[in-house]
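Engineer: no sequence on this one, just coordinates:
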């Protein structure tokens, strides 16, 4: 009976996510001009698309480096090559499993297996995610500051998004307080949680590492924006940089919501809505979104190859 209950809890959310993604994709397929889409794909400039793919790969290497800073700050040792490999494998699981949490779990397991320190390994991954969230808001607010006129229609949304990102970061920065609260509950789980929050607080107490990782996280999201700029260029479109800086972080956050399969449908609708304000047609916006998805998927396949090779050894 317990097995059946667990199976239902897992299958039903996946079915709902699949239904949402399928419904949104069907709506998009109905709205786009397929002849225009074919022309866009046929006339796309390969050099710009290749550049976007290279940027995607470099962005993952950069992410592995900022993860390494957190790992070292927690007193653990792991070669940079190992962390790069683990990050690519995590990306593979993110894109080929129904939940984005899959890749993070894989990274924690691989690092914990190497360092024999589960709580600190978990804290390093969580801290990296938390800091990355705050940098999403920073990029969007930067766009608002650089060119308010271009994005003024979405000013309130951008400010709200930035505040939410900062609030999430502030909550996790309260690791010491959370550690004290959890320590009052006598149980094995409480002990593990206390150890985790202690490690998380220790990571975020290292202000030098914290600021370095924050700057690198902003650089990472700037690279994601650059990928989109190159994709638009490949299709012969010139979208204002301020709009890309403002919209891409918001779209990234929306795509991570656990309501669809890997953001499919949510991402495409978001591209259509936001970039439609910049004069991009529905077909062009969907094409850009799908190009971005293809770039991320191709990059994640590197992790699939690494994972397959390691299993054979």
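Structural biologist: Thanks, I have it. All values reported here derive from a predicted model rather than from experimental measurement.
Engineer: tell me the contacts of the residue lying closest to residue 218 once chain neighbours are set aside?
Structural biologist: If you skip the residues right next to it in sequence, residue 218 has residue 135 as its closest partner in space, 4.5 Å away by C-beta to C-beta, 6 or more residues apart in numbering. Bear in mind the C-beta positions are built from the backbone N, C-alpha and C, glycine included. Taking C-beta atoms under 8 Å, 6 or more residues apart in numbering, we find residue 135 in contact with 165, 214, 217-218, 220-221.
Engineer: can you give me the helices in the stretch 1-150 of the chain?
Structural biologist: Applying DSSP state H, counting those that start in this stretch to the stretch 1-150 of the chain gives helices spanning 2-31, 34-43, 46-73, 80-96, 101-115, 118-146, 148-151.
Engineer: And the residue nearest to residue 218, how close does it get to residue 217?
Structural biologist: Distance of residue 135 to residue 217, given as C-beta to C-beta, to the nearest Å: 4 Å.
Engineer: for the stretch 201-313 of the chain, what spans make up the helices?
Structural biologist: For the stretch 201-313 of the chain, applying DSSP H, counting those that start in this stretch gives helices covering 207-234, 241-255, 266-275, 282-312.
Engineer: If you average pLDDT over each of those helices, which is lowest?
Structural biologist: For the helices of the stretch 201-313 of the chain, the weakest mean pLDDT is recorded on helix 241-255, namely a mean of 83.
Engineer: orientation of that helix relative to helix 118-146 in degrees?
Structural biologist: Relative orientation of helix 241-255 and helix 118-146, computed by axes from the mean of the first three to the mean of the last three C-alpha atoms, to 10 degrees: 150 degrees.
Engineer: counting contacts, what elements does helix 241-255 pack onto?
Structural biologist: Counting contacts by 3 or more C-beta pairs under 8 Å, 6 or more residues apart in numbering; DSSP states H and E, helix 241-255 packs against helix 118-146, helix 148-151, helix 155-173, helix 207-234, helix 266-275.
Engineer: between the ones you listed, which one is nearest to residue 20?
Structural biologist: Ranking those by their distance to residue 20 (criterion: C-beta to C-beta) puts helix 266-275 first, at 7.9 Å.
Engineer: For that closest one, which helices and strands make contact with it?
Structural biologist: Where contact means 3+ C-beta pairs under 8 Å, 6+ apart, helix 266-275 is packed against helix 2-31, helix 241-255, helix 282-312.
Engineer: and those, which is most packed in?
Structural biologist: When you average the neighbours per residue for each of the helices and strands packed on helix 266-275 (mean count of other C-beta atoms under 10 Å), helix 241-255 leads with a mean of 22.
Engineer: Report the distance from it to the chain centre.
Structural biologist: 12 Å (C-alpha atoms, centre = their mean, to the nearest Å).
Engineer: likewise stretch 221-234?
Structural biologist: Averaging C-alpha positions (C-alpha atoms, centre = their mean) puts stretch 221-234 15 Å from its chain's average.
Engineer: List the residues that contact the residue nearest to residue 260 when sequence neighbours are not counted.
Structural biologist: Distances taken as C-beta to C-beta, 6+ apart place residue 21 nearest to residue 260, at 4.4 Å, with adjacent residues excluded. Residues in contact with residue 21 (C-beta under 8 Å, 6+ apart) are 260-261, 264-266.
Engineer: circling back to that earlier point, can you tell which of the helices and strands packed on helix 266-275 is closest to residue 225?
Structural biologist: Among the helices and strands packed on helix 266-275, the nearest to residue 225 by C-beta to C-beta is helix 241-255 (4.9 Å).
Engineer: Quick one: residues in contact with the closest one.
Structural biologist: Defining contact as C-beta under 8 Å, 6+ apart, one finds that helix 241-255 is touched by 133, 136-137, 139-140, 142-144, 146-147, 150-151, 154, 157-158, 161, 165, 221, 224-225, 228-229, 232, 263, 266-267, 270-271, 274-275, 277-278.
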